[in-house]
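> Sharing a sequence plus its predicted fold:
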Amino acid sequence: MILDTLQNAHLYYRLGVKFIKAFEYLAQTDLVNLEKGKYEIDGSNIFAIVNEYDTVDASTEQMEAHKKYIDIQYMVSGSELIGHDFLGEQVPSKAYDEAADYQLFAEHPVFFSRLEKGMFAIFFPTDLHMPNIRVSTPMPVKKVVIKIAVSL
């Protein structure tokens, strides 16, 4: 897991060309006015999902993990908490859904990070994460999740 601001995205260019393309998309796109939906950046290798929602209480959520895609979750507006843990010996509460590329885990996060406007979090397949959590009261959020294929 990585947590930083878009201003520092260049520090992560060493992760590869896919990350450069993803960060360039975030920096060069008018995300504030971008409608909800899915946007291809490089076919199925890199794409963005724009979402708007109200944050929720952690007690109603579960942690998730992906196998085929790395997440870059970028906060366009609002603020939320994201719960974290490392994927280890946990048993999924919902088996892996290959088509949707996720599985769920009922364990509580070990720690939470606060994601604010202009910040991003990167979650690799070994990172359990629980996004969309309210800081104190529910708040409207706009977030872009860029999916980067793990395969070359």
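Received it, and whenever you're ready, just let me know what you need. Numbers count the residues shown, from 1 in each chain.
> Can you tell me the closest non-neighbouring residue to I82?
P131 (4.8 Å; Cβ to Cβ, 6 or more residues apart in numbering). Every residue, glycine included, has its C-beta placed from N, CA and C.
> what helix or strand does the one you found sit in?
Applying DSSP states H and E as the criterion places P131 in strand 127-133.
> Mind giving me the packing neighbours of that strand?
strand 63-65, strand 79-86 (3 or more Cβ pairs under 8 Å, 6 or more residues apart in numbering; DSSP states H and E).
> could you give me the average pLDDT of the shortest one?
For strand 63-65, mean pLDDT is 97.
> Pull the residues that contact that strand.
Contacts to strand 63-65, defined as Cβ atoms under 8 Å, 6 or more residues apart in numbering, come from residues 83, 85, 87, 102-107, 109, 125-130.
> list the contacts for the residue lying farthest from the centre of the chain?
Here the chain reaches farthest from its C-alpha mean at E89, the gap being 22.2 Å by Cα atoms, centre = their mean. If you count contacts by Cβ under 8 Å, 6+ apart, E89 has none.
> Please state the backbone phi and psi of the residue positioned nearest the centre of the chain?
Central residue of the chain (Cα atoms, centre = their mean): Q73, 3.2 Å from the mean position. Torsion angles at Q73 (phi, psi; degrees, to the nearest 10) stand at phi -100, psi 120.
> what residues are up against I146?
Applying Cβ under 8 Å, 6+ apart, we find I146 in contact with A22, Y25, L26, I41, I46, F47, A48, I49, D71, I72, Y74.
> and the angle for whichever strand or helix holds it with strand 79-86?
If you go by DSSP H and E, I146 is part of strand 140-149. Relative orientation of strand 140-149 versus strand 79-86 (axes from the mean of the first three to the mean of the last three Cα atoms, to 10 degrees): 40 degrees.
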